[in-house]
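K.L.:
How does the following fold in three dimensions:
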Amino acid sequence: MPKPRARAGTAEKLASLGVLAVLAAAALWLCSAQARFNPAVIVAMAHPKGQPPAGAPAAASSSLTAQLLESLSAFSPLSSTESYNAETLSDKIDGKAELYLASGFMEMSCRAYAAGDGGQARV
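P.N.:
This is a model prediction of the structure:
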């Protein structure tokens, strides 16, 4: 004759309810995280392509950030300055340039530097 099954104790019931509560909380968090859109996607959907959003600053000098990079004296330049505008941004950021353009992107400059302390740090 088989042994009768023992019933779950109070501690086991509380532990299983705790695990279920954690799983339910994780499922709710996942659902709420999936419902929130990336702000860049919302901006891209709200504004026609090629037009910056209302309130975006007027176009500045295309070499403004390049001038800033040239004026850094605490670092030693390792490369020349690369500048990008709305037409050439896709050369630097392949595949995501449309989101930046829809958000009012104007220009960007990049340059590699070595730290001025003589170390091997690269900025």
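
K.L.:
Relative to residue 33, how far out is residue 71?
P.N.:
42 Å (C-beta to C-beta, to the nearest Å). Every C-beta, even on glycine, is put in place using the N, C-alpha and C of the backbone.

K.L.:
and what of residue 90?
P.N.:
Counting by C-beta to C-beta, the gap from residue 90 to residue 33 is 29 Å.

K.L.:
if you count what's nearby, which of the two comes out ahead?
P.N.:
Ranked by neighbour count (other C-beta atoms under 10 Å), residue 90 and residue 33 place residue 90 first, with 15 against 8.

K.L.:
Contacts only, for the residue lying closest to the more buried one once chain neighbours are set aside.
P.N.:
Counting by C-beta to C-beta, 6 or more residues apart in numbering, residue 97 is the residue found nearest to residue 90 once chain neighbours are left out, at 4.1 Å. For residue 97, the contact set (C-beta atoms under 8 Å, 6 or more residues apart in numbering) comprises 89-90, 105.

K.L.:
List phi and psi for residue 7.
P.N.:
phi -80, psi 150 (degrees, to the nearest 10).

K.L.:
what number of residues lie near it?
P.N.:
Neighbour tally, residue 7, other C-beta under 10 Å: 7.

K.L.:
Great, nothing more from me.
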